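Enquirer: One predicted model, sequence on top.
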Amino acid sequence: MPNLDAVVSLTRIVIAWMSELLNRVVKGLLRPSPTSTLIGSVVDLSRSKADLIAENALLRHQLALLKRQTKRPKLKSADRLSLLVLARVARTWRQALLIVQPATLLRWHREGYRLFWKWKSRRRCSQPRISEETIALIRRMAEENQLWGAERIHGELLKLGIEVAKRTIQRYIGHKPVPRLPSQTWSTFLKTHAKDVWAVDFVPVIDLLFRQIFVFFIVELESRRVVHFGVTRHPSQFWAAQQLREATSDGQAPRFLLRDNDNKYGSAFDAVARVTGIDVLRTPIKAPRANAIVERYVGSVRRECLDHLLIFSERQLYRVIRAYVDYFNRSRPHQGIGQNVPCGPPRRSAELMTGKIINLQVLNGLHHEYRRAA
């Protein structure tokens, strides 16, 4: 015996499908057909007299426009307005339009709507609403005070007992922008305080077994010297705070410390910096140029070291980074500091430099350090 619920569900689906089909057939019959005269005449019998008169007027008006010339008629503003009015009263205006598209008619309607409200919101009086004396005073204030804007002039006029709107003042001073005094940019701040700024960042490294190891760097901005580094598989705010303690254990600490918004720092890192007397400056989100020097250093570490080596363990990575940091601080020239070496001796003149040039291998020949033999 068939399942009763399945029979009921199938019956409901069939009834819904037949209802939808009947609805489409009825809508198709009620819509005026431009191709079948017989079906159109039958459908017109069910329409009201006012609807037929409006549609007839719309068709007659289009016929009159087509009789003007054999080519495409040029519609004037009065013709467009007439079509808009007739389409407003005709219920089936979309099917009755023959010389223009319905979208064109709707665009005309929007343009007319904008023109109507522009005309309605026009100024009714051509005379200024404030006296000529007040206008002259506004312009005089703007000329004599180059740093004043409309808001500042508005306040001065209120002190004198003259009430004028801010937009009125802007009209007579020509929307003059308020010149701003030159302010210190972020790059200027970094250059000015470079000797007092350290920057920190984490560098993720993938080992041979596709596990992550993190390298922590602290870089001094003025000399580009790597102050401290650390390597760990499990970075946390307490581990990062310990690295900051080790970097400042000799009593040398910067005034400012740049870092991003990574969760690896946390409140413990900021607390150690606060105790040490360091102001932590957080860079904006997705703004690597705000910490450009350490980002450049990270790029140098990858291009000159990590991209050419296979990392097996945390201990090996520590040895590799220690060798590179020693080379970076003591032997590698830097463009940002005039091709000088961060911790190297001051550059001497060519007359004082004598002796044979020798080279020392760094990272098993990945880089070479060139010196003059003593």
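Expert: Right, received. Where do you want to start? Since we're looking at a predicted model, the values are computed, not measured.
Enquirer: For the closest residue to Q212 other than its chain neighbours, give its distance to V362.
Expert: Among residues not flanking Q212 along the chain, P204 sits closest, at 5.5 Å (C-beta to C-beta, 6 or more residues apart in numbering). All C-beta atoms are positioned from the backbone trio N, CA, C, and that covers glycine. Distance of P204 to V362, given as C-beta to C-beta, to the nearest Å: 24 Å.
Enquirer: Compare neighbour counts for those two and give me the winner.
Expert: V362 (19 against 9; other C-beta atoms under 10 Å).
Enquirer: Please look at the more buried one and S331 and confirm they touch.
Expert: Yes - V362 sits in contact with S331 when judged by C-beta atoms under 8 Å, with a separation of 7.3 Å.
Enquirer: check contacts around the nearest residue to L306 once chain neighbours are set aside.
Expert: In space, and not counting its chain neighbours, L306 is closest to V205: 6.0 Å by C-beta to C-beta, 6+ apart. Counting by C-beta atoms under 8 Å, 6 or more residues apart in numbering, V205 touches 212-215, 306, 311, 317.
Enquirer: Take these and keep only those in helices.
Expert: Per DSSP state H, helices hold the following members of these: L317.
Enquirer: of the contacts of V205, closest to A6?
Expert: Using C-beta to C-beta, Q212 is the member of the contacts of V205 that lies nearest A6, at 56.1 Å.
Enquirer: count of neighbours near the closest one?
Expert: Using other C-beta under 10 Å, Q212 has 11 other residues around it.
Enquirer: hang on, isn't it packed against R233?
Expert: Yes - the criterion here is C-beta under 8 Å, and Q212 meets it with R233 at 7.1 Å.
Enquirer: tell me the secondary structure for the most centrally placed residue in the chain?
Expert: In the chain, the centroid-proximal residue (C-alpha atoms, centre = their mean) is K286; its distance is 10.7 Å. Assigned by DSSP: H, G, I helix; E, B strand; the rest coil, the conformation of K286 is coil.
Enquirer: pLDDT at it, what is it?
Expert: For K286, the model assigns a pLDDT of 82.
Enquirer: how close does it sit to F214?
Expert: Relative to F214, K286 is positioned 20 Å away (C-beta to C-beta).
Enquirer: After the worst-scoring helix or strand of the chain on mean pLDDT, which helix or strand is next?
Expert: In the chain, no helix or strand scores lower on mean pLDDT, DSSP states H and E than helix 37-44, which sits at a mean of 58. Using DSSP states H and E, the helix or strand that follows helix 37-44 in sequence is helix 49-66.
Enquirer: now for that next one, which elements pack on it?
Expert: Packing contacts for helix 49-66, counted by 3 or more C-beta pairs under 8 Å, 6 or more residues apart in numbering; DSSP states H and E, involve helix 77-89, helix 93-96.
Enquirer: If you average pLDDT over each of those, which is lowest?
Expert: Note on these: helix 93-96 shows the lowest mean pLDDT, a mean of 75.
Enquirer: then whichever strand or helix holds F202 to CSV, C-alphas only?
Expert: Per DSSP H and E: F202 is located in strand 197-206. Taking C-alpha atoms only, strand 197-206 is exported to CSV below (Å, rounded to 0.1, in the frame of the first residue of the first chain):
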residue,chain,number,x,y,z
VAL,A,197,64.2,54.9,18.7
TRP,A,198,64.4,51.1,18.5
ALA,A,199,62.1,49.0,16.4
VAL,A,200,61.1,45.4,16.9
ASP,A,201,59.5,42.7,14.8
PHE,A,202,59.0,39.0,14.4
VAL,A,203,60.1,37.0,11.3
PRO,A,204,58.4,33.6,10.7
VAL,A,205,60.6,30.9,9.3
ILE,A,206,59.5,27.5,8.0
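Enquirer: what's the following helix or strand after the helix or strand hosting I218?
Expert: Counting by DSSP H and E, the element that carries I218 is strand 212-220. Per DSSP H and E, the first helix or strand lying C-terminal to strand 212-220 is strand 226-232.
Enquirer: In this structure, what residue spans correspond to helices?
Expert: Here the chain has its helices, by DSSP H, at 4-30, 37-44, 49-66, 77-89, 93-96, 102-120, 132-144, 150-159, 166-173, 186-192, 237-247, 266-276, 292-304, 314-330.
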